[in-house]
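In: Pasting a predicted model and its sequence here:
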Amino acid sequence: MAVWLKFIHIAAIALWAAGIVSLPGLYVQRAHIRKDQDLFRLQKIVRFSYVRILSPAAFVAIASGTGLIFLQEPYSGWFSVKLMLVGMLVVIHVMTGLVIIRLFEEGEVYPVWRFVTATILSGGVVCGILFVVLARPMVDFSVPPGFFAPGALKNMISEISPWPIP
């Protein structure tokens, strides 16, 4: 069971990551289109890719990854780093959706500098996930003493809060 779930997880992550890294390449083509029918075709391709392929792949990747957490119990430092990077990929995914909404309005273009930045950023996050999963580096998170004690959050907040904490 776990092998099939891991296969599904890896396939979904691969599809999701490839789409997130490659979508800015489609966005930058917006500046070169002059005809309405070509613009409509590009919009259909971009929206289809995001709504019908990338978003379901993201959902399957996160759902299968959550299932793997319960099956394999990978509680270690590297896994926390991986979850942070996956969270960054989710933020990039949401920002990509917001770009798609505005990109096809009248007069909008996607500048080349934004294309380069988005591709490098998303590629870096994906490479970071691959590195952390494959290398599984030793990551030691040291927390202050009493961090997990009952009432510790109240004590930490009361030190920085200008208002009294009941």
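Out: That came in fine, so what should we check first? These numbers come from a predicted model, not from an experiment.
In: Quick one: end-to-end distance for stretch 100-117.
Out: For stretch 100-117, the separation between the terminal residues is 16 Å (CA to CA, to the nearest Å).
In: Can you point out the buried residues in it?
Out: By neighbour count on 16 or more other CB atoms under 10 Å, the buried set for stretch 100-117 is 100, 103, 104, 110, 115. The C-beta positions use only the backbone N, C-alpha and C, and glycine is treated the same way.
In: Please apply the same query to stretch 84-91.
Out: Buried positions in stretch 84-91, judged by neighbour count with 16+ other CB under 10 Å: 85, 86, 88, 89.
In: Among those residues, which lie within helices?
Out: 85, 86, 88, 89 (DSSP state H).
In: Relative to residue 65, which of those is nearest.
Out: Here the nearest of those to residue 65, counting by CB to CB, is residue 86; it sits at 7.3 Å.
In: quick one: contacts for that closest one?
Out: Applying CB atoms under 8 Å, 6 or more residues apart in numbering to residue 86 gives the contacts 62, 65, 129.
In: same thing but 10 Å
Out: Contacts for residue 86 were tallied using CB atoms under 10 Å, 6 or more residues apart in numbering; they are 13, 16, 58, 61, 62, 65, 125, 128, 129, 132.
In: So for it, what's the pLDDT?
Out: Residue 86 carries a pLDDT value of 95.
In: Could you do the one 3 residues further on as well?
Out: pLDDT for residue 89: 95.
In: Burial check on the residue nearest to residue 9 when sequence neighbours are not counted, number of neighbours?
Out: The shortest distance from residue 9 to any residue that is not its chain neighbour, by CB to CB, 6 or more residues apart in numbering, is 3.9 Å, and that residue is residue 64. By other CB atoms under 10 Å, 20 other residues sit near residue 64.
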